[in-house]
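In: predicted model follows, preceded by the sequence.
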Amino acid sequence: MARSYVALGANLGDPVATVKAALAALPNLPETTLVRHSSLYRTAPVGLLDQPDFFNAVAALDTALAPEELLDALLQMEADFGRLRREKDGPRSLDLDLLLYEDRVLASSCLTLPHPRMHLRAFVMVPLVEIAPDILLPGRGRGAAWLPAVAMQGIHRLPA
């Protein structure tokens, strides 16, 4: 089993319910176990700013799927939740990003590991470090060391 980390986000419909439902659905992926997940966080959009705030979380998974197979399963889950890819950084019913797969470094036409911008995003780093405080980002060092770089980005933890 390989430890992987997935970022979840949504800002259309009832995004809190969607992220919670997606977290509940992750253990249904083939050969995959949900190990833990972060709190939910409300974050301002990045890129395209004229859209509703996002609700985000990060999940730790143990999986026997290869990285590309896991990505395919996550993309199918997005589609099952009604995700339509209309514009880059635009609103979405559900976004699932494969952040890390063990300490694998990979650059293919469909997948880059670690996720190339994860260390620049509070909506990824804050929940990731919440559930994995000693996480190492391949080629970038300790995840917690990147928190000051994203400290000015608006992120608010939702009450449990």
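Out: Cool, the structure landed.

In: surely residue 96 is within a helix?
Out: No. Assigned with DSSP: H, G, I helix; E, B strand; the rest coil, residue 96 falls outside any helix and is strand.

In: in the sheet, who's paired with it?
Out: Beta bridges link residue 96 to residue 8, judged by DSSP bridges.

In: start the count at 22, not 1, going forward
Out: Yes, from this point I'll number from 22; that puts the last item at residue 117.

In: number of nearby residues for it?
Out: A count of nearby residues for residue 117, using other Cβ atoms under 10 Å, gives 23. C-betas here are computed from N, CA, C, even on glycine.

In: now swap in residue 137 and tell me
Out: Neighbour count of residue 137, defined by other Cβ under 10 Å: 9.

In: again, but for the one 10 residues further on
Out: By the criterion of other Cβ under 10 Å, residue 147 has 24 neighbours.

In: C-alpha coordinates for the helix or strand encompassing it, CSV please?
Out: In this structure, residue 147 sits in helix 143-152 according to DSSP states H and E. What follows is helix 143-152, C-alpha atoms only, in CSV (Å, rounded to 0.1, in the frame of the first residue of the first chain):
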residue,chain,number,x,y,z
ALA,A,143,-2.6,27.7,1.8
PHE,A,144,-5.7,25.7,0.9
VAL,A,145,-3.4,22.7,0.4
MET,A,146,-0.6,23.3,2.9
VAL,A,147,-2.6,24.1,6.0
PRO,A,148,-4.8,21.0,5.9
LEU,A,149,-1.9,18.8,4.7
VAL,A,150,0.3,19.9,7.6
GLU,A,151,-2.7,19.5,10.0
ILE,A,152,-2.9,15.7,9.2
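
In: how far out from the middle of the chain is that helix?
Out: Distance, stretch centre to chain centre, for helix 143-152: 9 Å (Cα atoms, centre = their mean, to the nearest Å).
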